[in-house]
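> prediction below, plus the sequence it came from.
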Amino acid sequence: MHEELRLVQDLALIFISAGIITLIFRALKQPLVLGYIVAGFLISPHFNLFPNIIDEGNVRIWSEIGVIFLLFALGLEFSFKKLFKVGGPAVITAITEVATMLCVGFFVGHLLGWTTLESIFLGGMLAMSSTTIIIKAFEDLGLRNQKFTNIVFGTLVVEDIVGILMMVVLSTIAVSTADVEGSSVIMSLFKLGFFIILCFLIGIYVLPTFFRKFRKSMNNETLLIISIGLCFGLVILATHLEFSAALGAFIMGSILAETIEGEHIEHLTKNIKDLFGAVFFVSVGMMVNPSVLVEYWLPILILTLVTILGKSFFSATGTLLSGQPLRVSLQSGFSLAQIGEFAFIIATLGYTLGVMSDFIYPIIVTISVITTFTTPYFIRLANPFHDWLEPKLPTKFRTFLENYSSGGDFVKDESDWKKLIKYYLTNVFVYSILSIAMILLFSYFVSPFIKMELTGHISDPLINLLSAGLTIIAMMPFTMGLLSGSRKKKELAAKLIAEGNKATRRRLVSLSLLRVFLAIFFVVLVSFLYFKTISGIVIVILLALVVFLFFAYRNFKTHWIIEDRFMSNLNQKEELERQKSPLRSSINSQLVNRDIHMAKITVSPDSPFVGKHLKELELRKTYHINVIKIARGNKEIYLPDGNEFIYPSDRITIIGTDEQISVFSKIMEVEEDNTEEIQIKKPEVRLSSFVVKEDSPILGKKLADSGVRDLKCMVIEVDRGKETFINPDVSFVFEADDLVWIAGEKEAIQKFV
């Protein structure tokens, strides 16, 4: 075989084996991820019963592309704004689980005799739960409308961003083992934060405007190409700055998720993600060595128990600490008791960096496979375990839990001072980041280019002055934004001054002086970068003052235009969702900590409620739920009255507790059991033709009198010489030698002819 066809052969083997195995796993109702891993194991060099992969290097390259698309898709589902909407329970649960499992994994790794780095990576892998497996389990068990699932999904969102941070930190630790606790880790975290924030600010300012302007010119193909191009572009930039490719893909996905095209892009890239993701998971299975599993059965058993019991306990504890009831806490904790795809990515990172032994990878994969199988059983076990545990708890402790879980359900209004401080901090933070970005851009790229082009034509001091001047001009809109601030901030400050005293004015003056100091600091920093003499620094500062006065004279509020566009782009998608579902947005924000939530239910054609009035069903009295919206096609009926009917395929939005929604859903979504349905033979309709002869009974008759409809047949066309009569009407008269085309069952046509 030609060398260039080896990749094709390997890919054919990967996809054929993955397709066959996943069909088997789908029949067994198991996650497809496990099927991919098993397929990879069967075609690996460790298993010789089937053909093996020829060039593992090429497969590894494809698997790295798979990681890029997996993280890109994860970012499209994530969005940074969603991180602030998941609610306190999800954040507290995720932080508690990740922190404790990091410590537990590190401690257990040391007990097993692993190195410090291997133990650190082990903690990172055990801290990550599997989004894919949990979603699959919830769908199979019919739990998507339960309240605790919102907490679990929110926890997974927080875990995703923590996993990205963990990858960067672990990479830094791996390449700087001599300074694990030193400044390199802190500097890497600073670089990471700066990179993420800068990409987010620029991306939100540019991309929504771009998509809005060219939306009519884009079809699916163009949008797909642009999205993948943006993804790969940020991947290259991230790797150039010594970050992982996965980080760049994740950030671009999360930026695109904030645009109005986010869901559309997610839909377009789904099949590509599935394709390359399959290659990645197959490559994971290829690294499973059976001899290693036999040799390390004890660590596998220990780590499996640590994963299941540790993640169940610490996740439930975190949910309980967030103020949720005991039952919801146990349901959430038991749902998160597994490791999944993110653990594979972290394991791949440790393996490629050469800081993990070969035997660890198959151990992690085996633990993931085992915990995947146990996840549905643990989710089912949550309620029985709660019913067994609660009576055994001391009465005082039960009372404490009830009081604790109901203590956070009230709304606190932010004071004007708190709002003002938040505006000030946001203003200082954002404009400082952008100012630093301009300084770095001109220092590392623009200034060297100017020096290269102008050296020999003008003197070095003039070149430095030109570079400093261009830097200050580029930085000026952000410096002005730092000095001026937003309209809301000015309104709040004026209100506090009017209502306050001298102490209030002094505090406001101090905050303003802080911003002035920062603006001067950035100007002085630019002058120090290009000049070492006092005279040069003074000239740059005077130049900055002139530029500032020029911009202030022309339009001091230029930064407001930039700020308004950024905020408009940032809130565009949210505003569209609010206009589309105003009630859902309001209820979700107000009832986040209460034991009541919304759920969407699609009415089954077999439901006994079909064709009945709402008042006839007495839903509030019988099921204790409220119907707050009925969606029927493009029509949406909010807060329907009792005279509204229930029709098949109606999408009903209801509000109630888990138990109330569960009971109601079983009746509204009921489907008849068709396993014993009698197969009725369908009529075989065909098209035939015949010629009207002299002795034909229909000769000279009208179509209405021919009896064709009595036999349930239909005349489609009649050809008469050069004339053609398509779908002739009932007054059409048949003549000799007409060629008649007729549709109907074979026996009926023969009778008519």
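On my side now, so go ahead. Everything quoted here is computed from the prediction, not taken from an experiment.
> contact partners for residue 535?
Contact partners of residue 535, counting by Cβ atoms under 8 Å, 6 or more residues apart in numbering, are absent. C-beta coordinates here come from the backbone N, C-alpha and C atoms, glycine included.
> following element in sequence after the helix or strand encompassing residue 376, please.
For residue 376, the host element (DSSP states H and E) is helix 360-389. Per DSSP H and E, the first helix or strand lying C-terminal to helix 360-389 is helix 395-405.
> remind me what that next one packs against, helices and strands.
In this structure, helix 395-405 makes packing contacts with no helix or strand, judged by 3 or more Cβ pairs under 8 Å, 6 or more residues apart in numbering; DSSP states H and E.
> avg pLDDT for it?
The pLDDT scores in helix 395-405 average 78.
> tell me the gap between it and the middle of its chain.
Averaged C-alpha coordinates place helix 395-405 at 36 Å from its chain's average position (Cα atoms, centre = their mean, to the nearest Å).
> now stretch 116-127
Centre to centre, stretch against its chain (Cα atoms, centre = their mean), the figure for stretch 116-127 is 25 Å.
> what does that stretch rub up against?
With Cβ under 8 Å, 6+ apart, stretch 116-127 has contacts from 97-98, 101-110, 114, 159, 162-163, 166, 170, 173-174, 177, 180, 303, 306-307, 310-311, 339, 343, 346-347, 350, 355-357, 360, 364.
> which of the residues you listed are buried?
Neighbour-count burial (16 or more other Cβ atoms under 10 Å) is assigned, among the contacts of stretch 116-127, to 97-98, 101-102, 104-106, 108-109, 114, 159, 162-163, 166, 170, 173-174, 303, 306-307, 310-311, 339, 343, 346-347, 350, 355-356, 360, 364.
> narrow these to those in helices?
97-98, 101-102, 104-106, 108-109, 159, 162-163, 166, 170, 173-174, 303, 311, 343, 346-347, 350, 360, 364 (DSSP state H).
> just to revisit the earlier point, got the buried residues for the helix holding residue 376?
For helix 360-389, burial by neighbour count (16+ other Cβ under 10 Å) applies to 360-372, 374-376, 378-379, 381-382, 385-386.
> pLDDT of that helix, averaged?
In this model, helix 360-389 has an average pLDDT of 84.
> what's the answer for stretch 743-753, then?
Mean pLDDT, stretch 743-753: 79.
> buried ones in it?
Applying 16+ other Cβ under 10 Å to stretch 743-753 flags 743, 744, 748, 749, 752, 753 as buried.
> my guess is the first one contacts residue 686, does it?
Yes. In this structure residue 743 lies within contact range of residue 686 using Cβ atoms under 8 Å: 7.2 Å.
> give me the distance between residue 449 and residue 470.
Residue 449 sits 11 Å away from residue 470, going by Cβ to Cβ, to the nearest Å.
> of these two, which one has the most company?
It is residue 470, of residue 449 and residue 470, that has more neighbours when counted by other Cβ atoms under 10 Å, with 15 against 11.
> ok so the more buried one is a helix residue?
Yes. Per DSSP: H, G, I helix; E, B strand; the rest coil, residue 470 lies within a helix segment.
> for it, give me the pLDDT.
You'll see residue 470 listed with a pLDDT of 85.
> quick check: it touching residue 445?
No. Contact between residue 470 and residue 445 fails when scored by Cβ under 8 Å: they sit 11.5 Å apart.
> a strand runs through residue 719, doesn't it?
Yes. Residue 719 sits within a strand when classified using three-state DSSP.
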